[in-house]
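model this:
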Amino acid sequence: MKKTFIIAAILAVGMTVGLSQNLLAQTEKGAMRAGGGLAFGTEIESLGIQGRFDYAITEQILLAPDLTYFFGKSEGSIDLNWFDINLNGNYLFDTGNPDIIPYALAGLNFAIVSASYDGFGDFGDSSSTEIGLNLGGGADFIVGTIIIFGELRYAISSADQLVIAGGVKFPLN
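Presented below is the predicted three-dimensional model:
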C-alpha cells in the first residue's frame, strides 16, 4: 500500500508538471555540471553523501548519473551498508523563470547492499546488488554561478527506497 501510494504520487506530480509547462530550451547542448550533496534513504533510514554529474544531450534532456553512499547503520549485531549507482535521464521544463528549472527523471538504479554479522559465531558477510527503475523529479535553482538542486526519486526494485536529495552543482564549461 505504501509503495503504491508513493509511486502514484510521484507519477501524478510528474504528469501535472509535464502537462502544465511549455517546453523551451533550458541549457545548451553539450553543457556539463558537477557537484554533490546530501541524501536521505527511507529504506536504510540513513543520511548519505552524493556526487553527481549532468551532461546536456539536447536542450531539454540531461544525462544525469550520480553515486550515493549512505552512512552505515547497525541493528543489533548486524552492520548494514548501502551504496547507490544511478543512471538517470532528466527532462527539463520551462517555468518562464530561467532561474528555476524543474525536471522529471527516469533511469536505472543499482543498489549495492552489504551486511556483516559481528556476533556469536562466524556467519560472515553478505552482499547483494539489486537493479531497479528510478522515477521522480526535482528542480535546479540558479544562484549566480552555482546551481542548487533538490530531488525526490523512488527506486522500484526488491530494495525499494525513496530518496530525498539536495546540494549544489557547478558549471564545467
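
how about the residue nearest the centre of the chain, what does it touch?
Using C-alpha atoms, centre = their mean, the residue of the chain that lies closest to the mean C-alpha position is Arg153, 5.3 Å off. Neighbour list for Arg153: 10, 86, 88, 105, 134-138, 162-163, 165 [criterion: C-beta atoms under 8 Å, 6 or more residues apart in numbering]. C-beta coordinates here come from the backbone N, C-alpha and C atoms, glycine included.

Can you flag which of those belong to strands?
Using DSSP state E, the subset of the contacts of Arg153 located in strands is 86, 88, 105, 134-138, 162-163, 165.

Including distance to Ser74, could the contacts of Arg153 go into JSON lines?
Conversion of the contacts of Arg153 to JSON lines gives the following (distance: C-beta to C-beta, whole Å):
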{"residue": "Ile10", "distance to Ser74": "31"}
{"residue": "Asn86", "distance to Ser74": "25"}
{"residue": "Asn88", "distance to Ser74": "30"}
{"residue": "Leu105", "distance to Ser74": "32"}
{"residue": "Asn134", "distance to Ser74": "27"}
{"residue": "Leu135", "distance to Ser74": "31"}
{"residue": "Gly136", "distance to Ser74": "29"}
{"residue": "Gly137", "distance to Ser74": "33"}
{"residue": "Gly138", "distance to Ser74": "31"}
{"residue": "Leu162", "distance to Ser74": "22"}
{"residue": "Val163", "distance to Ser74": "21"}
{"residue": "Ala165", "distance to Ser74": "23"}
